[in-house]
Structure formats: structure tokens, C-alpha cells
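Novice: Structure for this input, please:
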Amino acid sequence: MAKVGDKIRIVRMDDNNGQDWQARAYNGKEGTITLIDSMGQLHGTWGGLAVNPECDEFTIIKDEPKYSVFYRYGDEANDEMLTKDEAMKLAKECEENGYDVIVAELVDDEFVTIYQTNPSVED
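Specialist: Okay, here's the model as predicted:
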């Protein structure tokens with residue numbers, strides 16, 4: 001079930017058997033749900049038409065793996081991309097084992113620190 005804040009991709013909007021050219025123009029668009037009205041229609045950042053879950057097809061876009069956890073002084077390393085929840089869970093486990101940790105998000109092909117256990121330590 002979709003909720004406000006979810007990011008969705010419109011797969012196919014009902015075009016009334018080819019009669020509604022505007023609906024077809026929304027196929028493939030992505031956006032974030034900002035409102036669910038009293039009829040259950042989804043409104044969001046993809047444009048002016050509402051998505052009707054009863055007749056339109058859409059998918060909820062999950063948190064894509066774009067985070068990494070760096071161990072400050074450990075002999076182990078994480079070389080896979082993780083979702084934010086996975087990265088924060090791993091960071092907590094590393095902290096509990098005494099490692100200094102940095103969690104970074106990949107933004108425009110560069111890592112940006114979003115969490116650091118001991119920010120006063122020099123690199």
C-alpha cells in the first residue's frame with residue numbers, strides 16, 4: 001500500500017481505451033506522493049494527473065543501495081553498496097565492536113559523509 005512520502009514510478013495510466021492522450025504521457029514518470037485524497041487517488045511531484053490505484057499501474061521505488069560504511073581503524077572493510085537502513089545497522093555493529101565508522105552516501109559519483117562516530121579525529 002502506497003503512503004505519503006513514497007517515491008513511485010508510473011508504469012501505465014488508464015487511458016480510457018486510447019481516448020486519453022494525457023494519461024499516456026505519464027507512463028514512466030517518477031515522483032513522490034504528497035497527498036492521498038478521500039477517493040484514495042495519489043497526488044505527487046510527477047505532474048497534474050492523480051494516480052488511481054484501482055486502475056493505474058505503478059511501482060513503489062525502494063531505497064536504492066547508495067551508501068557505504070568505512071571502518072576507521074579496522075582490518076575488515078565493506079566494499080558493497082547498501083541501503084541507508086543497512087548501512088546504519090552495520091555502522092552500529094561496528095561501533096559496538098570498537099571501530100570508528102563513517103557512513104557515506106554516493107552523490108554524483110562522490111561520497112558525502114552522513115554519519116561519523118568520532119568527527120574530531122583527523123584523517
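Novice: rest of the way, CA atoms for contacts and neighbours
Specialist: Noted.
Novice: In stretch 47-60, which residues are buried?
Specialist: Buried residues in stretch 47-60, counted by 16 or more other Cα atoms under 10 Å: 50, 51, 52, 56, 58, 60.
Novice: could I get those residues as TSV with distance to residue 85?
Specialist: Output for the buried residues of stretch 47-60, formatted as TSV (distance: Cα to Cα, whole Å):
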residue	distance to residue 85
50	30
51	28
52	30
56	30
58	24
60	17
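Novice: what's the longest helix in the protein?
Specialist: Looking across the chain with DSSP state H, the single longest helix is helix 84-96.
Novice: So what touches it?
Specialist: Contacts to helix 84-96, defined as Cα atoms under 8 Å, 6 or more residues apart in numbering, come from residues 63, 65, 66, 67, 68, 69, 71, 100, 101, 102, 103, 117.
Novice: Farthest-apart pair in the residues you listed, please.
Specialist: Greatest spatial distance in the contacts of helix 84-96: 63 and 100, 25.2 Å, computed using Cα to Cα.
Novice: Neighbour count: those two, which is higher?
Specialist: residue 100 (19 against 12; other Cα atoms under 10 Å).
Novice: wait, isn't that one in contact with residue 115?
Specialist: No - between residue 100 and residue 115 there is no contact under Cα atoms under 8 Å: 10.8 Å.
Novice: Which residue, other than its chain neighbours, is closest to residue 64?
Specialist: Of all residues not flanking residue 64 in the chain, residue 83 sits nearest, at 5.9 Å (Cα to Cα, 6 or more residues apart in numbering).
Novice: That neighbour: neighbour count?
Specialist: 16.
Novice: Which residue is the nearest non-sequential neighbour of residue 44?
Specialist: Closest to residue 44 by Cα to Cα, 6+ apart is residue 33, at 4.3 Å.
Novice: so that neighbour sits in a strand?
Specialist: Yes - assessed with DSSP: H, G, I helix; E, B strand; the rest coil, residue 33 lies in a strand.
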